[in-house]
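Trainee: Got a predicted structure here, sequence first:
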Amino acid sequence: MKYDIVIIGGGIVGLATAMQLKKSNPELKVVLLEKEKTLAAHQTGNNSGVIHSGLYYKPGSLKATNCLKGYSKLIEFCDAENIPYELCGKIVVATSKEELPRLESLYQRGLENGLTRNKMITAAEIKDYESSITGVAGIWVPYTGIVDYKTVSEKYASIFVNRYGGEIHTDHRVIAIKRHEDWSEVVTANATFETKLVVNTAGLYCDKIAIMGGMKPDVRIIPFRGEYYELAKDKHHLINNLVYPVPDPAFPFLGVHYTRRITGGIEAGPNAVFAFKREGYKKSDISVGETMGSLFWPGFMKVMWKYWRVGLGEFYRSYNKKAFTRALQKLSPGIQKNDLVPGGAGVRAQACTRDGKLIDDFLIDQDKLMINILNAPSPAATASLAIGETIAEMIAERFEPAKTHSSF
């Protein structure tokens, strides 16, 4: 089977890319391959469903520009396709005076990213938004919302196939990529696909696919599991919408927080623990080979030495509900251990460089036969339409060689 483009990975970024590509280049023959029997089965399907505003991201970074652009596109898409969402807003809370400089910096960053309706609020004003939350100051972020990203992904897939004539094949795990001078063979257990270009949006396995395709990325994916509790139903009244702590700028995770879901319920979490399997959603999920691959990556060894105290704290909270509860009590002192029931978990595909940096921006690597999205954590779901549009533009330029290439 011959195609212009083969996209590997049926999460929200791959599906958005497929849809945007066929929308802008309907003449191209495009197929998307997903190893699972269903789409959006991993990072997308275990996403907390937050529509991010762009508050946290360095102005001018790929995260910032794509989140801000993608936010508007996502809202427009949901309106046009009748997908339920709610712009409920959130508060970011400083729980001590020591956090106030970081809170102010975060507010200024929001202004630099165009979030002019954000508002600094006092300890008393926090209670106007969330009566159970205690802090010394906060930021009210009215842009933030909630949506079901699996529903969004399913709509992307439907439009790609039914409106634009694309193809999706599930249960097609890629087992080999054979490069030729101007084309590649993408081999699955079920079929072989000949293509002029491979687009790798494989998430937790994107580095493996890149290597399989003959490239030598200088990063590896390190899986971090985020574990959630849920508030018991009789405690839902304690949280109205979304409540976040002030994040640590040195660590690319947002800390435990409260999130109201569009599908119902209140999530509390997540922590961020090293996962012993790339798709390890349970503590008992272990792959010796994948664990060794992470532990012996030189960059991750440096990360472990640098953040060993943070890592031990995350594991302690993972196995100690009382400790997890104490972390939540920094925001909401009235929350008790018995108010929490076990929830779900997700695994974040975190790119780590050889020299020990956890990549805190979107990352792409490419050559003439392959485009690899090697780091697309949050806010990739919010930014998915912008990312997909940008990749579609890059691909269009490849099929029009007279044009000058631009960067992602």
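Mentor: Alright, I've got the coordinates. Quick caveat: nothing in here was measured; it's all calculated off a predicted structure. Numbering: from 1, shown residues only.
Trainee: and Lys58, what does it touch?
Mentor: Taking CB atoms under 8 Å, 6 or more residues apart in numbering as the criterion, Lys58 is in contact with 64, 109, 361. Backbone N, C-alpha and C define where each C-beta goes, glycine included.
Trainee: For burial, what's the neighbour tally of the second one?
Mentor: So the one you mean is Arg109. Arg109 sits with 19 neighbouring residues when counted by other CB atoms under 10 Å.
Trainee: Closest one of the contacts of Lys58 to Tyr316?
Mentor: Lowest distance from Tyr316 to the contacts of Lys58 (CB to CB) belongs to Asp361, with 29.5 Å.
Trainee: Do I have it right that that closest one meets Leu62?
Mentor: Yes: Asp361 is within contact range of Leu62, at 5.1 Å (criterion: CB atoms under 8 Å).
Trainee: Pick out whichever of the two has more residues nearby.
Mentor: Legend: neighbour count by other CB under 10 Å for Asp361 and Leu62, higher for Leu62 (21 against 16).
Trainee: Look up how far Ala383 lies from that one.
Mentor: As judged by CB to CB, to the nearest Å, Leu62 and Ala383 stand 9 Å apart.
Trainee: list residues touching both of the two?
Mentor: Shared contacts of Leu62 and Ala383, defined by CB under 8 Å, 6+ apart, are found at Phe362.
Trainee: so where do the helices sit in the protein?
Mentor: Secondary structure of the chain (DSSP state H): helices located at 12-24, 62-81, 100-112, 123-129, 149-158, 206-212, 288-295, 298-306, 308-319, 321-329, 384-398.
Trainee: For these, state which one has the densest average packing.
Mentor: When you average the neighbours per residue for each of the helices of the chain (mean count of other CB atoms under 10 Å), helix 12-24 leads with a mean of 27.
Trainee: angle of that one against helix 62-81?
Mentor: The directions of helix 12-24 and helix 62-81 differ by 70 degrees, with axes from the mean of the first three to the mean of the last three CA atoms, to 10 degrees as the criterion.
Trainee: And the contacts of helix 12-24?
Mentor: For helix 12-24, using CB under 8 Å, 6+ apart, the contacting residues are 5, 7-8, 28, 30, 32, 34, 39-40, 44, 47, 149, 152-153, 156-157, 159-160, 164-166, 168, 199, 201-203, 373, 376, 380-381, 384-385, 387-389, 391-393, 395-396.
Trainee: repeat that for 7 Å
Mentor: Under the criterion CB atoms under 7 Å, 6 or more residues apart in numbering, residues 5, 7, 28, 30, 32, 39-40, 44, 149, 152-153, 156-157, 159-160, 164-166, 199, 201, 373, 376, 380-381, 384-385, 387-389, 391-392, 395-396 lie in contact with helix 12-24.
Trainee: same question for that helix, mean pLDDT?
Mentor: Helix 12-24 comes out with an average pLDDT of 97.
Trainee: Stretch 364-381 now?
Mentor: 95.
Trainee: May I see the buried residues of that stretch?
Mentor: Buried residues in stretch 364-381, counted by 16 or more other CB atoms under 10 Å: 364-366, 369-381.
Trainee: and of those residues, the nearest to Arg220?
Mentor: Of the buried residues of stretch 364-381, the one sitting nearest to Arg220 (CB to CB) turns out to be Leu374, at 9.4 Å.
Trainee: wait, isn't the closest one in contact with Cys206?
Mentor: Yes: the criterion here is CB atoms under 7 Å, and Leu374 meets it with Cys206 at 5.4 Å.
Trainee: ok, the residue nearest to Ala380 when sequence neighbours are not counted to Ala386 distance?
Mentor: Nearest residue to Ala380 in three dimensions, chain neighbours excluded: Val13, at 5.6 Å (CB to CB, 6 or more residues apart in numbering). Distance from Val13 to Ala386, counting by CB to CB: 10 Å.
Trainee: residue ranges with poor pLDDT in the stretch 1-150 of the chain?
Mentor: Filtered on pLDDT under 70, the stretch 1-150 of the chain yields no residues whatsoever.
Trainee: what stretches of the stretch 301-408 of the chain score poorly on pLDDT?
Mentor: For the stretch 301-408 of the chain, applying pLDDT under 70 flags the ranges 400-408.
Trainee: Now stretch 235-252: buried residues?
Mentor: 235, 238-247, 252.
Trainee: Show residues contacting it.
Mentor: By CB under 7 Å, 6+ apart, stretch 235-252 touches 50, 56, 88-95, 99, 102-103, 106, 129-130, 132-133, 144, 231, 254-255, 257-260, 266, 307, 310, 330-332, 334-335, 339, 358, 360.
Trainee: got the contact list for the residue lying closest to Pro377 once chain neighbours are set aside?
Mentor: Distances taken as CB to CB, 6+ apart put Arg348 closest to Pro377, at 5.5 Å, once the chain neighbours are dropped. When contacts are counted by CB under 7 Å, 6+ apart, Arg348 touches 224, 226, 377.
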